[in-house]
Each structure stands twice: as C-alpha cells, then as structure tokens.
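> Below: sequence and its predicted model.
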Amino acid sequence: MRNLVTEARLAGKADGGPECPICGASSAGRFAVASDRLFGIAPGSFHLHRCLSCGCIFQHPLPEPATLTSFYPQEYWWAENERSRFSIVLGRMERAYREFVALDHVRFLQRCTTRGSRGRTLLDIGCGSGTFLHLARRHGFVPHGMDVSARAVALAQAQYHLPVRQGDIGSDVWQGCDFDFVTMFHVLEHLPDPRKALAYAGRLLKPAGSLILQVPNAASFQARLFGPRWYGLDVPRHLINFTPQSLVRLLEQAGFSGEVEYRFSLRDNPASLASSLAIGLDPIGRRGRGKRASAIVEGALEFFYFGLVLLALPPALIESLCGRGGTIWVHARRAE
C-alpha cells in the first residue's frame, strides 16, 4: 500500500504550500478543490491541502468566523418531526435508532471509568440535541452539556430535560465547575484553533480527569477510497481533518497524553460509508437542505438509507479491525 502522504507529496513537490496548522510543516500538497455536497448552502469552492509530515487534511484559506457560521443550516440538529401522525411514528423510530447506536459511545465512556477515573460527572462539549447525555445519565453519570447552537440547547432541554447551556469554546458558562470527564465527539474538526479547545477542556477537568475525543479518521480506508467525496471531510464545515499521527501531536502540544484507538463506532463508521456512497440520502443533509417531500416519501428515503447503513456494516467493521476505521477515539489525561 502506498504511503499515506505519497499523493500529497507528489502534488506539492513542485511548489510550496501553506503551513500545517498542527505540526507547522512549511509546505503541504494540494489535495482537492471541493464544494458543499451535504447541504449545498455554502457558495463556491474550497481548497484542501494535505500535510506532508503528519498527514492531516486542512482547508486553506480558512473562512471568516461569520462566514463559517453561515455554513450551518438551522436544522443541523436532529429532532422528532411532528407534521403528521406518520411523521411522529417515523421520528420516534429514528429516535430509538439514534439512542441505540449512541449507546456505543456510553460503553466507551464506561470502559474509561475502569482505567482509574472514579468520578462520574460529565461535560459534553458540542452536545447537540443531547442523546448521548441522556443515555449516559441512564448509566449512572451526572450529565452536563454545552453547545454553541441555541436550537440544539433548546432541543436537549425539551426532549431530555438536561442541564445544557449555550456557549462557545472559551465561554464561561460552566465557570467554577470541574468534571471527571469532558467529551468532545466530532467537535475538533470544526474548529480553526483546536488547541484552544483542548486548553479549554483541560481547565474544566478535575486534576485526574479524563478527556474523551472522537474525530473522523483521514487515514481510514473509506477516506482513501472516496477521496474528496468522503463524507468525513464535510467541506466546508470541517476545517482540519485528523490522522492518528496529527491528533497525537496536537494532544502533546496541549499537554495531554492519551491512547489512540481504532475502535469501531456503531453510530458513525457505517453511516459515514453510506453517506459517502449516497450523500443525497443522508437524513441530516436532507433536513438541512429544507426540501422535504411528503411524509410517505420521506419515510421511504429513511428506510432506504437505513438499509444502506446495514449493508455498510460489514466493510466498516473490517476496516476497523484492520486499524483503518472511519473514526479515531482517544482517552487522554494531562501529561505528568
């Protein structure tokens, strides 16, 4: 198999590229020019580069903060649809499925409690509509959450009655509190400065607390198979896409030591593969585009997508067993 950075090295050999935001390498190879495939709301094209040293794929130039905010539709978060009786049934079925697959994240959290973390207070940064926190509470954790989206916070409070507050990275919404666990599932790749997020999480952790991360794996088999059409890149919302090597470097720079795992994610790995194959069927994408068909057609599309996810389960599991799964998991603590 070709080296991870061979293609980028060939592309960037003739001329220098932008500096890597993770390792600071002085050049990067051109990776792709891509557009907003998921929602189609971000105009124009976006330039992606691959670092020749650590392998991360990053967007350059970065959009302005106000522009970046406009890339997210209002219906970016899942909620039950109550337009009709059939929609209510469909929404409840989807809710049951989402809770089932999110239990995989809770099981990982429980595993981390056996590695020396005794307390059970939990803060989920970027908690979305709160499904993970709801399930963690059922399994004995004391949940808290925060999200930059007012809509996401409202959904988490309305659906699950969770102590969730609106706030961005660096805000003081949980000032004076510390937690045994801070989790960030699919957050770092959205941020122009992930070091700031890790420093912020570190301030909210107890001295022996644990930081749990999950990000798409830019070194996965599915990433190599689909290239710029890989769902995990989510152009232009994902600004930095990590490889295990680049994520370890980032953690070390932020004063953490951690274990990188190529663990299978029931929620993310097969869904990422399915959405890469048929981006138009992705449920979040369809809602975000705002072009809804009748409840019957929507139901048919949901079931067809679910069937595609089931077909994607075996290859997604195999790539994870080979150490090239679609997501990277990390359990980290402050370095001594």
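Thanks, I have the structure now.
> low pLDDT regions in the stretch 1-150 of the chain?
Applying pLDDT under 70 to the stretch 1-150 of the chain flags residues 1-16, 75, 77-91, 115-118.
> So for Leu239, what's the pLDDT?
For Leu239, the pLDDT comes out at 97.
> Excluding chain neighbours, what is closest to it?
Gln59 (5.0 Å; CB to CB, 6 or more residues apart in numbering). Every residue, glycine included, has its C-beta placed from N, CA and C.
> Then Phe46?
Nearest residue to Phe46, sequence neighbours excluded (CB to CB, 6+ apart): Pro236, at 4.5 Å.
> what's the neighbour count on that neighbour?
25 (other CB atoms under 10 Å).
> how about the lengthiest helix in the chain: buried residues?
Identified as the longest helix of the chain according to DSSP state H is helix 85-113. Within helix 85-113, the residues that count as buried by 16 or more other CB atoms under 10 Å are 87, 90-91, 94-95, 98, 101-106, 108-109, 112-113.
> Tell me the helices and strands packed up against it.
helix 131-138, strand 179-185, strand 205-216, helix 295-321 (3 or more CB pairs under 8 Å, 6 or more residues apart in numbering; DSSP states H and E).
> Which one of those lies nearest to Val330?
strand 205-216 (4.2 Å; CB to CB).
> which strands and helices sit next to that closest one?
helix 85-113, strand 179-185, helix 194-204, strand 256-261, strand 327-334.
> For those, please prepare JSON lines with the additional fields distance to Gly17.
As requested, the helices and strands packed on strand 205-216 are exported to JSON lines (distance: least, CB to CB, whole Å):
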{"stretch": "helix 85-113", "distance to Gly17": "36"}
{"stretch": "strand 179-185", "distance to Gly17": "28"}
{"stretch": "helix 194-204", "distance to Gly17": "20"}
{"stretch": "strand 256-261", "distance to Gly17": "26"}
{"stretch": "strand 327-334", "distance to Gly17": "24"}
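> show me what contacts Arg237?
The contact partners of Arg237, by CB atoms under 8 Å, 6 or more residues apart in numbering, come to 38, 68, 71-72, 190.
> Between the residues you listed, identify the one with the most neighbours.
For the contacts of Arg237, neighbours tallied by other CB under 10 Å; top is Leu38, 24 neighbours.
> Report the secondary structure state of that one.
coil (DSSP: H, G, I helix; E, B strand; the rest coil).
> who touches it in this structure?
231, 234, 237, 279, 282, 284-285, 288.
> Now it, what are its backbone angles?
Here is the backbone geometry of Leu38 (degrees, to the nearest 10): phi -70, psi -50.
> before we move on, back to that, phi, psi of the residue nearest to Phe46?
Torsion angles, degrees, to the nearest 10, at Pro236: phi -100, psi 10.
> what number of residues lie near the residue nearest to Leu239?
Gln59: 24 neighbours (other CB under 10 Å).
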